[in-house]
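Participant: pasting the structure only:
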């Protein structure tokens, strides 16, 4: 970026690590109107009118070493494109990490088990402040800041079901303790087996793969996401029969979280939920049906940031790290 002070070359980076791909978003540290053909003026949870650069990386396959190398290449390309020096980096991470910073388990990328995640981030981003958090927690943070709400529960429906909680404007996890595992709330003790080994978890009923399996059984043949979406649009009974249990299970989780935490808003996000016509409304109706008298249930809203909630949350984490203390 020619011209300007050194301050103009400082930015923050958000990284949303997923099971099949990684999304990266670099933003100028100082918010303000931007010029230039390669960067659009963006408005979202992390500030209005900031210059932003985005890149998506599909995992190459070949194990964790290949994954880390591909991520390093993507970061280098984004640095070159943006011309930014990253003061801070926030990372949304779906895998479970232990107290030493190693990945304990991540079903989406099993080869990452044992990876020293903290050390890896330091190697990828030397000289930058780095922090990571659960992707559901960061999605909840981004959505809460976007709508200006202090108390929010977030449920993200995709390959699994993630989630997070914001109370009083801050993510719920207590330092040293784990994040809320919304996807592993038990909503049907006689329900299907979850990949965690237990029966009846929300994820085992409401995730994208679980819903597609029901659709295949109801239709009598394999069903992809596009076919399920079209089936709903065309009002096919098999499509509604597949989707309805997911909506009811999510509503049961929302009502239960409402009883415990009393949030004002339940945000429903994730690529699978966002792509199904009428799905958020279905969950909202089921929440009203399941709520008990005298205890209003949280209002159900679609994620304002769509499938980018975790990415914007990662940027928000980076901005918090880079802000003057």
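Facilitator: Nice, thanks for sending it over. Fair warning: this is a prediction, and the values are worked out from it, not measured in the lab. Numbers count the residues shown, from 1 in each chain.
Participant: Only C-alpha atoms from now on, for both contacts and neighbour counts.
Facilitator: Noted.
Participant: Tell me where the stretch 151-300 of the chain has strands.
Facilitator: For the stretch 151-300 of the chain, strands defined by DSSP state E, counting those that start in this stretch occupy the ranges 152-157, 161-167, 170-171, 265-269, 299-302.
Participant: SS state for residue 11?
Facilitator: strand (DSSP: H, G, I helix; E, B strand; the rest coil).
Participant: Look up how far residue 320 lies from it.
Facilitator: When distance is defined by CA to CA, to the nearest Å, residue 11 is 12 Å away from residue 320.
Participant: the more surrounded of those two?
Facilitator: Comparing residue 11 with residue 320 by other CA atoms under 10 Å, the one with more neighbours is residue 11, at 26 against 15.
Participant: Between the strands of the stretch 151-300 of the chain, which has the poorest mean confidence score?
Facilitator: Of all those, the minimum mean pLDDT falls on strand 170-171 (a mean of 80).
Participant: quick one: contacts of that strand?
Facilitator: Applying CA atoms under 8 Å, 6 or more residues apart in numbering, the external contacts of strand 170-171 come out as 137, 138, 140, 141, 150, 164, 165.
Participant: one more time with 7 Å
Facilitator: 137, 141, 165 (CA atoms under 7 Å, 6 or more residues apart in numbering).
Participant: So the protein: which segments form each domain?
Facilitator: As recorded under automatic domain parsing, the domains making up the chain are 6-137+314-322, 148-307.
Participant: ok, of those, where does mean pLDDT dip lowest?
Facilitator: Of all these, mean pLDDT reaches its minimum on domain 6-137+314-322 (a mean of 82).
Participant: Could you check how far that one is from the centre of its chain?
Facilitator: Remark: domain 6-137+314-322 is offset 13 Å from the chain centroid, using CA atoms, centre = their mean, to the nearest Å.
Participant: What segments of the stretch 101-250 of the chain are helices?
Facilitator: Taking DSSP state H, counting those that start in this stretch as the criterion, the stretch 101-250 of the chain contains helices spanning 117-124, 135-147, 202-206, 208-219, 225-233, 237-261.
Participant: Same question for stretch 138-155: list its buried residues.
Facilitator: Going by neighbour count (16 or more other CA atoms under 10 Å), the buried part of stretch 138-155 is 138-146, 149-155.
Participant: Quick check: end-to-end length of that stretch?
Facilitator: Terminal residues of stretch 138-155 lie 11 Å apart, using CA to CA.
Participant: Can you give the contact residues for that stretch?
Facilitator: With contact meaning CA under 7 Å, 6+ apart, stretch 138-155 is reached by 44-45, 92, 161-169, 171, 263-269, 303-305, 309-310, 312-314, 316.
Participant: go again using 8 Å as the cut-off
Facilitator: Outside stretch 138-155, the residues that touch it by CA under 8 Å, 6+ apart are 44-46, 92, 136, 161-171, 182, 254, 257, 262-270, 303-305, 309-314, 316-317.
Participant: show me the contacts for the residue nearest to residue 240 when sequence neighbours are not counted.
Facilitator: Once flanking residues are discounted, residue 240 sits nearest to residue 232: 6.4 Å by CA to CA, 6 or more residues apart in numbering. By CA under 8 Å, 6+ apart, the contact list for residue 232 reads 239, 240, 276, 277.
Participant: Please check those residues and keep the buried ones.
Facilitator: Buried among the contacts of residue 232 by 16+ other CA under 10 Å: 239, 240, 276.
Participant: On the C-terminal side of the longest strand anywhere in the chain, identify the next helix or strand.
Facilitator: If you go by DSSP state E, the chain has its longest strand at strand 47-58. Remark: after strand 47-58, the chain's next helix or strand is helix 64-82, criterion DSSP states H and E.
Participant: Identify each buried residue in that following helix, please.
Facilitator: For helix 64-82, the neighbour count (16+ other CA under 10 Å) marks 64, 67, 68, 70, 71, 72, 74, 75, 78, 79, 82 as buried.
Participant: quick check, nearest of those residues to residue 105?
Facilitator: Relative to residue 105, the closest of the buried residues of helix 64-82 is residue 64; by CA to CA it sits at 12.9 Å.
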